[in-house]
Each structure stands twice: as C-alpha cells, then as structure tokens.
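# Here is a sequence together with a model predicted from it:
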Amino acid sequence: MNLSNLSEIATYIVSEGKGILAADESNPTCKKRFDTISVESTEENRRDYRELLFSSKGMSGNIGGVILFDETIRQKTEAGQSLVDLILESGALPGIKVDKGLKPFNDSEVETLTQGLDDLDERCAEYAKLGAKFTKWRAVINIGDEIPTQECIDANMEALAKYAKIAQKNGMVPIVEPEVLINGYHTIEDCYDATSRSIKSLFDYLKSYDVDITGTILKPNMVTAGSECEQKSSVEEVAEMTIKCLNESVPNELPGVAFLSGGQTEIESTEHLDKMNKIGGFPWKLSFSYGRALQQSALNAWLGKSENKNAGQQAFAHRAKMNKLAALGSWSSDLEN
C-alpha cells in the first residue's frame, strides 16, 4: 500500500465497503467482555483473542483499519510477529486510541470531558514510530434533564479539534468520535438534537483549528431513541433521521463517516447501516467502526479455547462480510442464515 498523505489514508480505510474494527477496549473493558464467557483477562488471553481476529480471513477486503489499545500495538503474536505487521498483511491499517478517558465536566455528576491532551504530542510521535497510521479520540455526550449543556458540548468538541490537529501534525489521520450515548429514556428527537448540536460544534472547531477535513474520519452515533424509551425507532426512521442530521452538519469533503454501534445488537447495527446506504443522497462513504457488533459472535464462539479458534474466526468473518455489504447497501437478512 503506497498511501502518501492523510487524505489517501482516510479514503483507503473506508473504500469499497471497508470499515473499521474497533479493538481498542481498555483492559477493564476487556475484563468485562471476558467475564461474560468466563475467561480470565490476562495479557496472554487478550493477545490470543486479538490475534484470532486479526488473522481471520474475514479481515481481507472487509476491514480497512483496526483501532488498537496501547498494550496491543506493542504485542507480538505467539509466533513472534508484531500485531501491527499482522494487520498490515491483511490489507488493513493499524490505528491507536489516544484519549485517556473521562473526567467530570465542571464538577457535574453526569456531564464529562475527555482527557489526554497534556502529553498527546509525545505519545502520537511514539505511536507513529510503532506503525500507527490513524488515531481515535472519543467524546461522550449524555442526554438527560437539561443536558447536554452547550458548554459541555463545546468543551468536548474543542478538545476533539485540538487532538485532531496534533494527530495530523504527527502524520496520522484523526478519527473524531462525538458519541451521544444511547443510555436513557430520551426520544429519537432528543438524540437528533444532541447529535446535531455536537456535530455542528465539532466541525466549527475543526475549521477554527485548521484541521484538514480531507484527512479526517467522523465516528458518530446513529440517531436513535434511548435504550429505555418506550417508543422504539423503526429502521427507516433511524436511517432517515441520521442521514438528515449528517447532511445538515458534515462538510462534503470529509472522506467518510464510520458509525459506532453504541449498544445496538449485531443485526441492528448492520441493518441500520444498510438502510442508509440503500436510501443514499450523501457525498461521503457511510461505513462502520464497530467493536461489540463485530466481535460478540466471535467471542461467544471462541470461549477462550484454542480448539475454538477457527469457529471464532469464522464468526468474525461473517460479521465483517455482512457489514461490508451493509456499507455498500447490498445486505439482506436472508444472508444471516
């Protein structure tokens, strides 16, 4: 792969239906996932599981980028090959999560601000040397009584813009992730409002910090009702309102939008993405950057046992293929059987 600039890297990651495998779970999050299959979260087990994913035939042609955690970008396979090289061999590009998690925003009990800017330049320089071609930073927006406040949205979006500028200075594509959480009783209209305000603020700040939009990828939530809302959204409603929200706020020159799955099931994540691409009417690639929605079936098939490696890889390959088809608007539920 001869990708010489940020724009080419960003475009490649979401080209031809390819998407992103989010494998950047922190060790505590990985422990929660492993607990569901009664597997101890040791460094070796985490390595074995990620090696299973990255060496699956499902990577090739379906996955354009893999987001890694600090531990993973430094690990080698059981045979001694770096995981970075294993990812590159599959035709995907390695990336790295660079934010340092959340802290309360202005002493709020519910609103948060993402941290990690202080030593970001030095860390990005090291990650670039370790082979990372792109980076990711997640901002979290909650919906509730009188929140999100515009103050919290703006503080998070300005931090995303500062991060993006530093990543590009170090030769890596920034993935900017303003996630409006699905948790709560809010309606789809509430989600639309919070998502629209967040994305508009984000691109205003990206412009003011002179970030190259052609070398950036947006990782937003889809516009859905809250997980506890009694009025569930239809597939058509989610697709239409998400496209409308993006069309109002996202510049045409952005190469791609790679959605997070954010608490949706594997099938919901695929079906919503497919419906958007069937509807069309937008200038950017609409693709995926899924964690659980690409991994859950593989995790359940593997169960921490080496004899289940092949079953885990096949389960992952199936989900990767289904989501590629969804990114092309060519998925149907018949293909799931």
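Everything's here; your move. Keep in mind the model is a prediction, meaning the values are calculated, not measured.
# just the helices in the chain please.
Along the chain, counting by DSSP state H, helices occupy 6-13, 27-35, 43-54, 70-73, 83-89, 120-129, 150-169, 188-208, 235-249, 266-279, 292-302, 309-327.
# Among the ones you listed, which comes closest to Thr214?
In terms of C-beta to C-beta, the element of these nearest to Thr214 is helix 6-13, at 4.2 Å. Bear in mind the C-beta positions are built from the backbone N, C-alpha and C, glycine included.
# I'd like to know how far the residue nearest the centre of the chain sits from Glu177.
In the chain, the centroid-proximal residue (C-alpha atoms, centre = their mean) is Ser289; its distance is 3.6 Å. Using C-beta to C-beta, to the nearest Å, one gets 8 Å for the distance from Ser289 to Glu177.
# same thing with Pro220?
From Pro220 to Glu177 the distance is 7 Å (C-beta to C-beta).
# Mind listing the shared neighbours of those two?
Counting by C-beta atoms under 8 Å, 6 or more residues apart in numbering, the common neighbours of Pro220 and Glu177 are Leu260.
# and the residue with the largest distance to the centre of the chain, what does it touch?
Distance from the C-alpha centroid of the chain, by C-alpha atoms, centre = their mean, peaks at Glu307 (29.7 Å). Going by C-beta under 8 Å, 6+ apart, Glu307 touches no other residue.
# Quick check: bridge partners of the residue nearest to Ala155 when sequence neighbours are not counted?
In space, and not counting its chain neighbours, Ala155 is closest to Leu113: 5.5 Å by C-beta to C-beta, 6 or more residues apart in numbering. In this entry, Leu113 is beta-bridged to Lys103, by DSSP bridges.
# can you pull the pLDDT of Leu113?
According to the prediction, Leu113 has pLDDT 98.
# do the same with Gly263
At Gly263, pLDDT is 89.
# Quick one: residues contacting it.
Per C-beta under 8 Å, 6+ apart, neighbours of Gly263: Ile182, Asn183, Ser227.
# and for Ser289 and Glu177, which residues touch both?
Lys219, Leu260.
# Give me the number of neighbouring residues for Ile37.
14 (other C-beta atoms under 10 Å).
# ok, now the one 10 residues further on?
Neighbour count for Arg47, taken as other C-beta under 10 Å: 17.
# Start at 294, not 1
OK, 294 is where the count begins now, so the last one is Arg340.
# Contact partners for the nearest residue to it once chain neighbours are set aside?
Ranked by C-beta to C-beta, 6+ apart and with sequence neighbours excluded, the top spatial neighbour of Arg340 is Gln368, at 5.0 Å. Contacts for Gln368 (C-beta under 8 Å, 6+ apart) come out as Glu336, Arg340, Arg343, Ser375, Leu376.
# Write down the beta-bridge partners of the closest residue to Leu511 other than its chain neighbours, one by one.
The shortest distance from Leu511 to any non-neighbouring residue, by C-beta to C-beta, 6+ apart, is to Val550 (4.9 Å). Note on Val550: beta-bridge partners by DSSP bridges are Leu511, Leu579.
# now Val550: how far from Gln589?
23 Å.
# Comparing the two, which residue is more hemmed in?
Taking neighbours as other C-beta under 10 Å, Val550 and Gln589 compare with Val550 leading, 23 against 19.
# residues contacting that one?
Counting by C-beta under 8 Å, 6+ apart, Val550 has contacts Ile510, Leu511, Lys512, Pro513, Leu539, Val543, Trp577, Lys578, Leu579, Ser580.
# now, which of the residues you listed sits nearest Ser348?
Ser580 (22.4 Å).
# Would you confirm that that closest one contacts Leu553?
No - Ser580 lies out of contact with Leu553 (C-beta atoms under 8 Å); the separation is 11.4 Å.
# of these two, who's got more company?
Taking neighbours as other C-beta under 10 Å, Ser580 and Leu553 compare with Ser580 leading, 29 against 25.
# I'd like the distance between the more buried one and Phe427.
On the measure of C-beta to C-beta, Ser580 and Phe427 end up 14 Å apart.
# Overlap in contacts, the two.
By C-beta under 8 Å, 6+ apart, no residue touches both Ser580 and Phe427.
# dump the residue contacts of Ser582.
Here Ser582 is in contact with Gly312, Ile313, Ala315, Ile360, Ile468, Ile510, Lys512, Ala551, Phe552, Leu553 (criterion: C-beta under 8 Å, 6+ apart).
# what about 10 Å?
306-307, 312-315, 357-358, 360, 388, 429, 468, 470, 510-513, 549-554 (C-beta atoms under 10 Å, 6 or more residues apart in numbering).
# before we move on, what about Ala385?
294, 305-306, 311-314, 347, 352-359, 379, 426.
# ok, of the residues you listed, which come out buried?
Buried subset of the contacts of Ala385 (neighbour count, 16 or more other C-beta atoms under 10 Å): 305-306, 311-314, 347, 352, 354-359, 379, 426.
# any idea which of those residues is closest to Asn593?
Among these, and counting by C-beta to C-beta, the member closest to Asn593 is Leu314, at 16.9 Å.
# what about Ala418, neighbour count?
For Ala418, using other C-beta under 10 Å, the count is 14.
# is it true that it touches Ile389?
No - look at Ala418 against Ile389 with C-beta atoms under 10 Å: they stay out of range, at 12.0 Å.
# Lovely, talk soon.
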